[in-house]
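**Student:** here you go, sequence then predicted model.
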Amino acid sequence: MEESDLVALWEQHLGAELIAKDVDTTMSTMVDEPYVNHVPTMTGGFGAEQLRRFYAHHFITVQPNDMELTPVSRTVGRDTLVDEMVVRFTHDRRMDYFLPGVAPTNKRIEVAAVIVARFRDGKLAHEHIYWDQASVLVQAGLLEPGGLPIAGAETAHKVLDPSLPSNRLMYREWAESDPHAEG
């Protein structure tokens, strides 16, 4: 597949999923036996039947109205596309693919995500989707950082603005061992 064709197919797939919210059009961009794995929660599906059911009941139809994707970087290879982005939404509905079994918290979530999409025979074959689930849990009010080496929305903010301070999670430990340490 040409790089431009791969990108066009990917954009068509994302548009069907997140804008049109159309399960049939989404599935038409994929091979006969696709799979999707949201790595932090192990949600998605393997094979057309499982994936169609997942899309229809647990993904496409439950996207918050304020869902935003902010592109950060894209790498395109011969048969693979990697998108880095920041995802923002209000957790105002049940989203079992993102927070399985968690009732809406009405909290604003901002998280960096990476999607690795592999193509075969001119269609999307699979997606591996990664994000920092600890950051999501902190923002949803389900996990207290309290001394743990985790952060909330600031992880996504740093992806968008690399000039933001680094090493804050380490700074407390440094300050205890070296009063002249800088973050």
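**Tutor:** That came in fine, so what should we check first? Computed from a prediction, not measured in an experiment: that's the story for all the values here.
**Student:** tell me the buried residues in the longest helix along the chain?
**Tutor:** Looking across the chain with DSSP state H, the single longest helix is helix 3-14. For helix 3-14, the neighbour count (16 or more other Cβ atoms under 10 Å) marks Leu6, Leu9, Trp10, Gln12, His13, Leu14 as buried. Backbone N, C-alpha and C define where each C-beta goes, glycine included.
**Student:** next one: stretch 100-116
**Tutor:** Lys107, Ile109, Glu110, Val111, Ala112, Ala113, Ile115, Val116.
**Student:** so what's the gap between the longest strand anywhere in the chain and the chain middle?
**Tutor:** Identified as the longest strand of the chain according to DSSP state E is strand 108-120. Its chain's C-alpha centre and that of strand 108-120 lie 4 Å apart, by Cα atoms, centre = their mean, to the nearest Å.
**Student:** over to stretch 152-159?
**Tutor:** 13 Å.
**Student:** numbering from 28 from now on, please.
**Tutor:** Will do, 28 is the new start, and the previous item becomes stretch 179-186.
**Student:** quick check: mean pLDDT of that stretch?
**Tutor:** When pLDDT is averaged over stretch 179-186, the result is 95.
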